[in-house]
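Enquirer: here you go, sequence then predicted model.
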Amino acid sequence: MSTKEFYADAQPPRIERRVSWQSIVNLVLALLVAAALAVAVFAAFHLTLRRPVLNRSNATVPSESEATPDAPALWAIRGALSETCTCSVPCSCNFGEGPSPHSYCYPFYSYHIVKGSYGDLTLDGLHFGSADLKNGRIMFIEERADERQREALRLIIARMIERVSAREAEAKAREIAPLILYAAVRQDYGDRSNHLEVEGLGKFSANYVMGLDKSQPVVVRNNTTWRIRDAIKAKTTVYRIRMGKDVLDLKDTNSNQGEFEYTDKTDFGAPARWNCGACASAAGQKSTEATAEPMCGR
């Protein structure tokens, strides 16, 4: 065999080896590219999950006016109501009568949301409420709420406290927005007592009225004032309010404690006269619409 014939026969194996190494290099490069793409996709997905969507100040919550009657509930909250007023125990307003022993009833109350949501927005742990006083209604929202949560709670306040329809809730929420007090709220309740304190507004503490067996409190079911099924009756040891011209420093007044569960489908009644004190005064009667419901039983 000649040298030329020998090298001619040996050439193909060398070509096959070059092709084999090139394939390996290409495969490694492809795997590296795929790994880099996978890392990029994972990073983007991870950042999306961590993005603080609920804290966007320019975001808005859904509107009740756009929901159809048969649509799922847009918002739902459940928790505890703590309330006191200027009436004696038991507040006769809770039984469909006028206030006593005075011609007025000035309540101070807070809703603690144990579990709640508005659309995709969580409201767990937040508080809101009102003090309905001689010179006006002071509504408050816990200062810990971010801007979207505040917007949602204003809409809920429009429905629950101002008692407007779903269609009117947005307009009412805008109207009351400048009037809302944002403050630290402490609301405590247990087996034998309750307590509420709103910074810059007031506070009350009350002991439950214990029943005959001295182990369970007296409970009123389906009272005429508050939309709670069972209202534990209590008696205040202190009830203090200081807001502008409204100053209260009382004790031995009525208090209610109970659980609530509401959605945007709940019937909160017609718009309410803002308190029994306004009903009892000439100025209040002039400013009260004839179609409004009194907050106490008149």
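Expert: Yep, it's here. Numbering: from 1, shown residues only.

Enquirer: the helices in the chain, which residues?
Expert: 3-50, 147-160, 169-176, 276-280, 282-287 (DSSP state H).

Enquirer: pick out the shakiest of these, pLDDT-wise.
Expert: Lowest mean pLDDT within the helices of the chain: helix 282-287, a mean of 39.

Enquirer: what about the strands in the chain?
Expert: Assigned by DSSP state E, the chain shows strands spanning 75-84, 108-118, 121-122, 127-133, 136-142, 181-183, 185-189, 193-198, 202-208, 219-221, 230-243, 246-250, 254-263.

Enquirer: gap between the residue nearest to Phe140 when sequence neighbours are not counted and Cys93?
Expert: Leaving out its chain neighbours, the residue that sits closest to Phe140 by CB to CB, 6 or more residues apart in numbering is Leu181, at 4.2 Å. (C-beta placed from N, C-alpha, C; glycine too.) Going from Leu181 to Cys93 by CB to CB, to the nearest Å gives 24 Å.

Enquirer: give me the low-pLDDT residue ranges for this protein?
Expert: Applying pLDDT under 70 to the chain flags the ranges 1-21, 23, 25, 28, 39-59, 65-69, 272-298.

Enquirer: can you pull the contacts of Gly125?
Expert: Going by CB atoms under 8 Å, 6 or more residues apart in numbering, Gly125 touches 113-114, 144.

Enquirer: neighbour count for Leu181 and Cys93, which is higher?
Expert: Cys93 (26 against 16; other CB atoms under 10 Å).

Enquirer: the more buried one and Ser165: what is the separation?
Expert: 24 Å.

Enquirer: same check on Phe128?
Expert: Taken as CB to CB, the span from Phe128 to Ser165 is 19 Å.

Enquirer: next, work out how far apart the residue nearest in space to the middle of the chain and His102 are.
Expert: Central residue of the chain (CA atoms, centre = their mean): Leu123, 4.4 Å from the mean position. Distance, Leu123 to His102, by CB to CB: 35 Å.

Enquirer: before we move on, what about Ser130?
Expert: On the measure of CB to CB, Ser130 and His102 end up 19 Å apart.

Enquirer: mind checking which of these two has more residues around it?
Expert: Set Ser130 next to His102 and count neighbours by other CB under 10 Å: Ser130 wins out with 25 against 15.

Enquirer: circling back: got a winner among the contacts of Gly125 for most neighbours?
Expert: Busiest of these [other CB under 10 Å] is Ile113, holding 23 neighbours.

Enquirer: can I assume that one is in contact with Leu81?
Expert: No. Between Ile113 and Leu81 there is no contact under CB atoms under 8 Å: 10.7 Å.

Enquirer: mind listing the shared neighbours of these two?
Expert: By CB under 8 Å, 6+ apart, no residue touches both Ile113 and Leu81.

Enquirer: which ones are touching Ala131?
Expert: 106-109, 137-138, 140, 198, 201-202, 241, 243, 246.

Enquirer: try 6 Å this time
Expert: Contact analysis of Ala131 by CB atoms under 6 Å, 6 or more residues apart in numbering lists 108, 138, 201, 241.

Enquirer: then Lys214?
Expert: Neighbours of Lys214 in contact, by CB under 6 Å, 6+ apart: none.

Enquirer: before we move on, the earlier item: ok, for the residue nearest to the centre of the chain, nearest residue in space, not its chain neighbours?
Expert: Counting by CB to CB, 6+ apart, the residue nearest Leu123 is Gly116, at 3.7 Å.

Enquirer: hmm, the one you found is touching Gly79, no?
Expert: No. Look at Gly116 against Gly79 with CB atoms under 6 Å: they stay out of range, at 7.1 Å.
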